[in-house]
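Asker: the following block contains a protein sequence and its predicted model.
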Amino acid sequence: MTERPVIMVGFVPVAVTSLAEFQPEGSVIVVDEPDVIRKRELRPKADEAPVVRELIAWEYQLEGAADEFYNTHPDLDPAAIAPLQEYATPFAARLAERYGLPTGGYGALRTLRDKALLRRVSAAAGIRNPESAEVTSPDEVRAFMAAHPGPAVLKPANRQAALGTRLLDSADEIDEAWAEATAMDEGVMVPDRGIELRMLVERRVRGREYSVEMLVEAGRPRFANVTGKDLFPGIRPVELGHLVPADIPAGLDAELRAETERLLRSVGFGTGIAHCEWIVEDGRPYLVECAGRFPGDGIVDLIDRAYRIDLVRAFWTLMKGEPLTAELPARAPGAAAIRFLHTGESGVVESVAGVEAAREPAGVQVCSVSVEPGAEVRELRSSWDRFGSVVTEAATGTEAHAIAVRALETIEIKVRPGQV
């Protein structure tokens, strides 16, 4: 086999499907944790994908794992290496360095993976950050809230998918929130040995939330988009929906792009894609966090639909050290939206209705519900707990958003309440 493989760290089915559109059969190597491979039953999925050459079990989240991998496979000669999951970003960056391939950089990705460290590094570069402190006990959270009166956010410094994040309106909620955060379980998504938990408490910034997706080549932005974000109501900031591009004034759009570029420069980001989240309070963007990987929640699909591009192909082109064949557009000719489904209840699903009707209106591109009668659904604590979505396209963001909202209103899911 003469095709140099590309290495994907973290098995993501939709990413495998995307790679199959332009990679030859047998040209993708997937690396994932042995426990995750077993618990998610990934080997049959890899075997069923013609584009996948091999699924390598590797404890990639351990210190020194990338160097050990390189020394074990010195002749692998990959064409590109990239992370497809949050926990894979430092390993993929270090491995790319060892093989001499384009990368965001191990130092940059280590900083982005650590929310506490990112606060310090970015603040030193003049990026606006909320007041924040790393904490090891409920008493330290109480001390912070006493010193910074008002609502706060308690969240892990090193987790994904909004896991363990809790909005605090008063100090009376601290003990319950701490117990919940420190007892969270990511199940099949993490190795059995677990991941060290580190916690942050921060002043709660009030305002609309946005993310910026930026494709970068050797520190130079080649594409950027601003996504608008809506959250489910409640004490946990779980995403309800996204709109691409965000329906905001040109000045704010430009500032969010510029702040993201400045942030990536502050950590020394090289080549890759970044997904940076911001809250705009009183007209000023404050950093929430930034990931050195593709965004989740279907945002890549929304970008492709709104901008009429193939962002995944462009990304892998840069990661291979190859030039883009054409400049990517600065503005989107259309708009796309996604809206997620959850009833707000915990219990057993009794009935699901209206899904086919939700698919019928013009502009609805995808509508899916992942539960059926008899399924158990949990209280909304993280992104993993949502169980449906609708994707729409339209000429404007207002239209795309409205179509998505109406489509979800058509779906009726009855849940018999109970503790799950």
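Answerer: Good, I have the coordinates. Numbering: from 1, shown residues only.

Asker: for the rest of this, base every contact and every neighbour count on C-alpha atoms.
Answerer: OK.

Asker: so which elements touch the helix or strand bottoming out on mean pLDDT in the chain?
Answerer: In the chain, no helix or strand scores lower on mean pLDDT, DSSP states H and E than helix 174-182, which sits at a mean of 87. Under the contact definition 3 or more Cα pairs under 8 Å, 6 or more residues apart in numbering; DSSP states H and E, helix 174-182 sits against helix 138-147, strand 152-156, strand 166-168.

Asker: go again using 6 Å as the cut-off
Answerer: Here helix 174-182 touches no other helix or strand, going by 3 or more Cα pairs under 6 Å, 6 or more residues apart in numbering; DSSP states H and E.

Asker: partner strands of the helix or strand following that helix and their direction?
Answerer: As assigned by DSSP states H and E, the chain's next helix or strand after helix 174-182 is strand 199-203. Looking at strand 199-203 with DSSP bridges, its partner strands are strand 132-135 (antiparallel), strand 152-156 (antiparallel).

Asker: lowest average pLDDT across those?
Answerer: Lowest mean pLDDT of the strands paired with strand 199-203: strand 152-156, a mean of 91.

Asker: list the buried ones in the lengthiest helix in the chain?
Answerer: For the chain, the longest helix by residue count, based on DSSP state H, is helix 250-267. Within helix 250-267, the residues scored as buried using 16 or more other Cα atoms under 10 Å are 253, 256, 257, 259, 260, 261, 262, 263, 264, 265, 266, 267.

Asker: can you list contacts of it?
Answerer: residue 108 (Cα atoms under 6 Å, 6 or more residues apart in numbering).

Asker: check the offset of it from the chain's centre.
Answerer: Centroid separation between helix 250-267 and its chain, computed with Cα atoms, centre = their mean, to the nearest Å, is 19 Å.

Asker: now the element after it, going C-ward?
Answerer: Next along the chain after helix 250-267, taking DSSP H and E as the criterion, comes strand 272-281.

Asker: report the inter-axis angle for whichever helix or strand comes after that next one versus strand 272-281.
Answerer: For strand 272-281, the following helix or strand on the C-terminal side (DSSP H and E) is strand 284-291. If you take axes from the mean of the first three to the mean of the last three Cα atoms, to 10 degrees, strand 284-291 sits at 150 degrees to strand 272-281.

Asker: so in that sheet, which strands flank strand 284-291, and in what orientation?
Answerer: strand 272-281 (antiparallel).

Asker: what mean pLDDT does stretch 70-77 get?
Answerer: Here the average pLDDT along stretch 70-77 is 96.

Asker: that one: which residues count as buried?
Answerer: Those would be residue 70, for stretch 70-77 by 16+ other Cα under 10 Å.

Asker: now stretch 361-372
Answerer: Going by 16+ other Cα under 10 Å, stretch 361-372 has these buried residues: 363, 364, 365, 367, 368, 369, 371.

Asker: looking at the residues you listed, which is nearest residue 388?
Answerer: residue 369 (4.1 Å; Cα to Cα).

Asker: leaving aside the residues next to it on the chain, what's closest to that closest one?
Answerer: With sequence-adjacent residues excluded and distances taken as Cα to Cα, 6 or more residues apart in numbering, residue 369 is closest to residue 388, at 4.1 Å.

Asker: over to residue 201?
Answerer: Nearest in space to residue 201, with sequence neighbours left out and distances taken as Cα to Cα, 6+ apart, is residue 154 at 4.5 Å.

Asker: what of residue 352?
Answerer: residue 413 (4.6 Å).

Asker: my read is the one you found is in a strand, agree?
Answerer: Yes - assessed with DSSP: H, G, I helix; E, B strand; the rest coil, residue 413 lies in a strand.

Asker: quick check: it touching residue 354?
Answerer: No - with contact defined as Cα atoms under 6 Å, residue 413 does not count as touching residue 354 (8.7 Å).

Asker: looking at the two, which is more packed in?
Answerer: More crowded of residue 413 and residue 354, by other Cα atoms under 10 Å: residue 413, with 19 against 14.

Asker: quick one on the thing from earlier: tell me how many other residues surround the residue nearest to residue 369.
Answerer: Residue 388, neighbours per other Cα under 10 Å, totals 17.
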